[in-house]
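Engineer: could you work out the structure for the sequence below:
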Amino acid sequence: MASSGRLKLTVAEEHWRMKEPFAIAGYTFTDCDVIAVQLARNGAVGQGEAAGVYYHGETPATMIAQIEQVRSALEAGVSRQELRELLPPGGARCALDSALWDLEAKSSGVPAYRAAGLNALAPLKTTLTVSVGTPQKMADVARSFALAPRLKVKMTGEDDETRLRAVRAARPDAWIGVDANQALTRSSLEAVLPLLTELDISLIEQPVKVGREEELRGLRSPIPLAADESVQSFADIEGAARFFDVVSIKLDKCGGLTEALEMAHEVRRRGMKVMVGCMQGTSLAIAPACVVGQLCEIVDLDAPVFLDVDRPAGAVYESGTVRCSDDWGFPVSAKQDRQGDKK
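Structural biologist: Okay, here's the model as predicted:
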């Protein structure tokens, strides 16, 4: 999309309550704090949202500061490609990029998924995440997701066996992936592989710390390994191809849907599978991720499930699928058939 006239930028911090704390290896989320961006031109308004990348120290305040530093350039009119030159990957660029996609859809009458080269915007089979807790608590959460065929279970690198066995006993039917969030080493991964194989685990996400991927060289894992923190943006894909079978793309990390789509095609070109994930956020953050999700074998877009209240007319979660909201990426007057116009 080429820039075509001045924009009016509005950016604000928003706080969304979570149902309960959400724990992963080394970090616990107690609140959902995001920035919400609006870009307006000629009566049309595009929206975007980002929580940022917590392990890079991004907060609403830091993201807003980034945006304010380039406000003049933004309001002068900027395209999605120009935005990639203006700001680095991260939450600030993600929120703005999403708003530009939405503004384009509302101005042109062409839904975002069609502008992305897709013929359909189908509901996606998503994992639902079981965060770290006692074995009983994790089993209870897994059972509460009884209608969801896919689960992602958080690991910590310590006392994982009891928790994983409890989850598998609670959900013997489920596809289960595990996410270590960098908590393992080569030796601890090798030690836990027999257990993961026994429990029919289908994916191991980000086992080792960023910068220590070389530890995985030569590892013969019967379970596919996925890169999350090890792949922040397009530039990291080449290195990941040496050690991982799957790449998890998150819009907050890479700076928005524009780069995420390019990443998905490049990951596939290199013979790996594509996964789309999310940071914290409401349905406004999930909607653009659902576009790239159409190109992914694995989908992990469950952030709004853990909020006390989501945005009005939010994403619909039903029987382990997510259907994104019509409020983002569709024309105002004539929202297209989300399954695709067959003409």
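
Engineer: and the longest helix seen in the chain, what's buried?
Structural biologist: The longest helix of the chain (DSSP state H) is helix 91-108. Buried residues in helix 91-108, counted by 16 or more other Cβ atoms under 10 Å: 91-107. Any C-beta I mention is one placed from the backbone N, CA and C, and that applies to glycine too.

Engineer: what's downstream of that helix, the next helix or strand?
Structural biologist: Per DSSP states H and E, the first helix or strand lying C-terminal to helix 91-108 is helix 112-115.

Engineer: what packs against that next one?
Structural biologist: With contacts taken as 3 or more Cβ pairs under 8 Å, 6 or more residues apart in numbering; DSSP states H and E, helix 112-115 sits against helix 91-108, helix 283-293.

Engineer: now the longest one: average pLDDT?
Structural biologist: Per-residue confidence for helix 91-108 averages out to 98 on the pLDDT scale.

Engineer: just the last one next, same as before
Structural biologist: When pLDDT is averaged along helix 283-293, the result is 98.

Engineer: give the buried residues for it.
Structural biologist: Neighbour-count burial for helix 283-293 flags 283, 284, 285, 286, 287, 288, 289, 290, 291, 292, 293 (criterion: 16+ other Cβ under 10 Å).

Engineer: about what we covered before: angle of the longest helix of the chain against helix 283-293?
Structural biologist: 80 degrees (axes from the mean of the first three to the mean of the last three Cα atoms, to 10 degrees).

Engineer: how far does helix 91-108 sit from its chain's centre?
Structural biologist: Counting by Cα atoms, centre = their mean, to the nearest Å, helix 91-108 is centred 16 Å from the centre of its parent chain.

Engineer: using CSV, write out every CA atom in it.
Structural biologist: Extracted in CSV, the C-alpha atoms of helix 91-108 (Å, rounded to 0.1, in the frame of the first residue of the first chain):
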residue,chain,number,x,y,z
GLY,A,91,5.1,-3.8,19.6
ALA,A,92,5.1,-0.2,18.4
ARG,A,93,5.5,-1.1,14.8
CYS,A,94,3.0,-4.0,15.2
ALA,A,95,0.2,-1.8,16.4
LEU,A,96,0.8,0.8,13.7
ASP,A,97,1.1,-1.9,10.9
SER,A,98,-2.2,-3.5,12.0
ALA,A,99,-3.9,-0.1,12.0
LEU,A,100,-2.6,0.6,8.4
TRP,A,101,-4.0,-2.8,7.2
ASP,A,102,-7.4,-2.0,8.8
LEU,A,103,-7.4,1.5,7.4
GLU,A,104,-6.7,0.2,3.9
ALA,A,105,-9.5,-2.3,4.2
LYS,A,106,-12.0,0.4,5.3
SER,A,107,-10.8,2.9,2.7
SER,A,108,-10.6,0.5,-0.3
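
Engineer: now do the same end-to-end measure for stretch 218-234.
Structural biologist: Distance between the boundary residues of stretch 218-234 (Cα to Cα, to the nearest Å) amounts to 24 Å.

Engineer: distance from the chain centre to it, please.
Structural biologist: When C-alpha coordinates are averaged (Cα atoms, centre = their mean), stretch 218-234 and its chain have centres 16 Å apart.
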